[in-house]
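[1] Output the structure for:
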Amino acid sequence: MADKTNTIFRALDRKASAITEFTMRQYRTKISTWVVLITGLVVISLLMLFY
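    So this is what the prediction gives:
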C-alpha cells in the first residue's frame, strides 16, 4: 500500500511540475493567465475532493 501511495504522489508531483511549466509558458507568450489560474484551482479542488 505504501508503494502505491508513493507512486500516486510521484505522479502528482510530475503533474504539478508540468502545470507549473505550462503556466510559465503561458506567462511568456502573454496568453490569458486567468485561464491558467482557474485551471489550476479546478485541478487543486478535484485533488482535495478525491484525496
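
[2] tell me which element the spatially most central residue of the chain falls in.
    The chain has residue 16 as the residue nearest its centroid, 3.8 Å off, counting by CA atoms, centre = their mean. If you go by DSSP states H and E, residue 16 is part of helix 2-29.

[3] now swap in residue 47 and tell me
    Assigned by DSSP H and E, residue 47 falls in helix 33-50.

[4] which secondary structure elements does that helix contact?
    helix 2-29 (3 or more CB pairs under 8 Å, 6 or more residues apart in numbering; DSSP states H and E). In short, each C-beta sits where N, CA and C put it, glycine included.

[5] contacting residues around residue 19?
    Residues in contact with residue 19 (CB atoms under 8 Å, 6 or more residues apart in numbering) are 39, 40, 43.

[6] and with 6 Å instead?
    With CB atoms under 6 Å, 6 or more residues apart in numbering as the criterion, no residue contacts residue 19.

[7] separation between it and residue 43?
    Between residue 19 and residue 43 the computed distance is 7 Å (CB to CB, to the nearest Å).

[8] What ranges in the chain fall below the confidence cut-off?
    Across the chain, the stretches falling below the confidence threshold (pLDDT under 70) are 1-6, 26-31.
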